[in-house]
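Trainee: coords please:
(one chain, ligands or ions: 1)
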Amino acid sequence: MEALDQGADIFGIDISPEMINILKDKLPEKEYYRIQIQDICTFNLERKFDLIIAPFRVFMHLLTVDEQLKALDTVFEHLNPGGNFIFDLFIPNLKMLHEGLNHVKDFDGEYEPGKKLIRYTSMHADLVNQISHITFKLVWDEDSIEKTEEWKTDLRFFFRYEIEHLVAQSKLKLVDIFGDFEEGELNKNSKEFIVICEKQD
Ligand SMILES: C[S@@+](CC[C@H](N)C(=O)[O-])C[C@H]1O[C@@H](n2cnc3c(N)ncnc32)[C@H](O)[C@@H]1O
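Mentor: Predicted coordinates:
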């Protein structure tokens, strides 16, 4: 909404109807035409953009090379010449991937004033296929009752030169990989890959 208020002609997709509904709740009805349930590998918005972003690890949900290349090339088709595609991935923590996580409390706070929310994370990694199998257990207060729900997701983790080779196989050109959201250089302390690609003429 902030971006729209500042004049950005911005559109959004997500494969999950639930996520699209959360986004809709933040928008006035007249802006609903800007958001659609679509897969990043196959989307078609019938318009082109100067900038496309896949924030907060969307790309890590693409488990196969085929899906990853389809996504890069579908993004390419939606960019104007000189346009950028930016996405983020976490840098694999080898110790954590090797040891896994067993019911680690990684959030203990409130989702609204006075309403508790706790998150426990379990993870085991398939090191050969570079996939983390993750289970989140959420515990929260709702109408003075404690509720619990489990949610599972698989995330594909990437290494630096894999990203370089992957983008090189696509129609996009790799411009840079930063180590944080402030365009800091990639170094041994970095936690994120911020991948900047461009549609070059
Ligand atoms: C961690 S969430 C980030 C959501 C949002 N980009 C944000 O910053 O709040 C990752 C999102 O990727 C979406 N996703 C996973 N696979 C996708 C696909 N193939 N196409 C489009 N979205 C996908 C999930 O539904 C999920 O909403």
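Trainee: how about the residues of this protein that lie near the ligand?
Mentor: 13-16, 19, 39-41, 55-58, 61 (CB under 6 Å from any ligand atom). C-beta coordinates here come from the backbone N, C-alpha and C atoms, glycine included.
Trainee: Tabulate the residues you listed in TSV, adding columns for neighbour count, pLDDT and distance to residue 90.
Mentor: Supplementary listing: the residues of the chain next to the ligand in TSV, determined by neighbours: other CB atoms under 10 Å; pLDDT from 0 to 100; distance: CB to CB, whole Å:
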residue	neighbour count	pLDDT	distance to residue 90
13	20	98	22
14	18	98	19
15	15	98	20
16	10	97	20
19	14	96	19
39	14	98	22
40	22	98	18
41	18	98	21
55	11	96	13
56	9	96	10
57	15	96	7
58	17	97	12
61	16	98	13
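Trainee: Strands of the chain, start to end?
Mentor: 12-14, 35-37, 49-54, 79-90, 101-112, 115-126, 131-142, 145-156, 173-178, 192-198 (DSSP state E).
Trainee: Which pLDDT value belongs to the residue lying farthest from the centre of the chain?
Mentor: For the chain, the residue at maximal distance from the C-alpha centroid (CA atoms, centre = their mean) is residue 144, at 32.9 Å. With respect to pLDDT, residue 144 scores 85.
Trainee: got the strands of the chain as CSV, with distance to residue 72 columns?
Mentor: Converted to CSV, the strands of the chain look like this (distance: least, CB to CB, whole Å):
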stretch, distance to residue 72
strand 12-14, 15
strand 35-37, 20
strand 49-54, 10
strand 79-90, 7
strand 101-112, 30
strand 115-126, 23
strand 131-142, 19
strand 145-156, 14
strand 173-178, 10
strand 192-198, 7
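Trainee: Determine which stretch of the ones you listed is the most buried.
Mentor: strand 192-198 (a mean of 20; mean count of other CB atoms under 10 Å).
Trainee: show me what contacts residue 100?
Mentor: Going by CB atoms under 8 Å, 6 or more residues apart in numbering, residue 100 touches 122-125.
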